[in-house]
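Enquirer: got a sequence here, can you build the structure:
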Amino acid sequence: MKEQLVETIRLYNQKGWSPATSTNYSYREDDQIWVTRSGVDKAQITLVDFITVNQNAKSIDEFIGIKPSAETQIHCDIYSLFPDVTVILHGHGKYPVLASSRFEHSIEFEGFEIQKGFIGQTTHESKVRIPIFDNNQDMRFFSEQLELRKDELVNACFVIRKHGTYAWGKNLVEAKRHLETLDYLCECWWEENR
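Expert: Numbering: from 1, shown residues only. Predicted structure coming up:
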């Protein structure tokens with residue numbers, strides 16, 4: 001799992017989804033959460049750049065004292081809300097960031113074939129809503145918002161306004177499909193509406 005995730009992170013960096021040292025990624029294996037440590041250049045990420053954390057987003061075991069990403073709590077909350085999730089991807093794709101500035105509570109898509117990339121979507125004719133959360137550095141507040149809006153997270157992804165995207169899945173392939181579907185739809189929407 002870790003090797004494939006590192007390969008995915010490097011690929012997403014080449015797409016421009018991890019400018020500077022931004023973004024963070026995690027996976028859960030045997031009830032243990034592994035997350036990328038803070039400040040890693042995603043073009044240079046390696047297997048040793050993952051650390052274990054507890055449900056309170058604190059580094060544990062041999063990694064005590066090593067700083068995880070500031071947004072690790074978001075990963076922990078998603079794992080708590082959705083027990084079957086094993087991979088979470090956080091990207092900074094340009095088009096979701098731009099689109100998030102144009103909507104209030106959610107980004108809406110309708111009529112795009114690629115909508116079927118989201119779990120449970122079976123037709124391009126339905127309307128798909130992806131929640132937008134305001135960017136807030138208070139992780140306790142963000143945790144509360146995730147809990148309150150859990151029912152809106154049916155497409156296994158959301159956007160943080162003018163920040164980036166989170167997507168997840170039962171495995172890496174599913175998580176990638178959700179993140180890439182969201183990014184593609186946002187690019188289509190932006191090109192159509194700018």
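
Enquirer: ramachandran angles for the residue sitting nearest the centre point of the chain?
Expert: In the chain, the centroid-proximal residue (Cα atoms, centre = their mean) is residue 166; its distance is 1.8 Å. Dihedral angles of residue 166 (phi, psi; degrees, to the nearest 10) stand at phi -120, psi 140.

Enquirer: in contact with it, which residues?
Expert: 74, 78, 88-90, 157-160 (Cβ atoms under 8 Å, 6 or more residues apart in numbering). (C-beta placed from N, C-alpha, C; glycine too.)

Enquirer: which among these end up buried?
Expert: The neighbour count (16 or more other Cβ atoms under 10 Å) marks 74, 78, 88-90, 157-160 as buried among the contacts of residue 166.

Enquirer: take the residues you listed and write them to JSON lines, including pLDDT, distance to residue 19 and secondary structure.
Expert: Output for the buried ones among the contacts of residue 166, formatted as JSON lines (pLDDT from 0 to 100; distance: Cβ to Cβ, whole Å; DSSP: H, G, I helix; E, B strand; the rest coil):
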{"residue": "74", "pLDDT": "95", "distance to residue 19": "19", "secondary structure": "helix"}
{"residue": "78", "pLDDT": "97", "distance to residue 19": "23", "secondary structure": "helix"}
{"residue": "88", "pLDDT": "98", "distance to residue 19": "19", "secondary structure": "strand"}
{"residue": "89", "pLDDT": "97", "distance to residue 19": "16", "secondary structure": "strand"}
{"residue": "90", "pLDDT": "96", "distance to residue 19": "13", "secondary structure": "strand"}
{"residue": "157", "pLDDT": "97", "distance to residue 19": "20", "secondary structure": "strand"}
{"residue": "158", "pLDDT": "97", "distance to residue 19": "20", "secondary structure": "strand"}
{"residue": "159", "pLDDT": "97", "distance to residue 19": "17", "secondary structure": "strand"}
{"residue": "160", "pLDDT": "96", "distance to residue 19": "15", "secondary structure": "strand"}
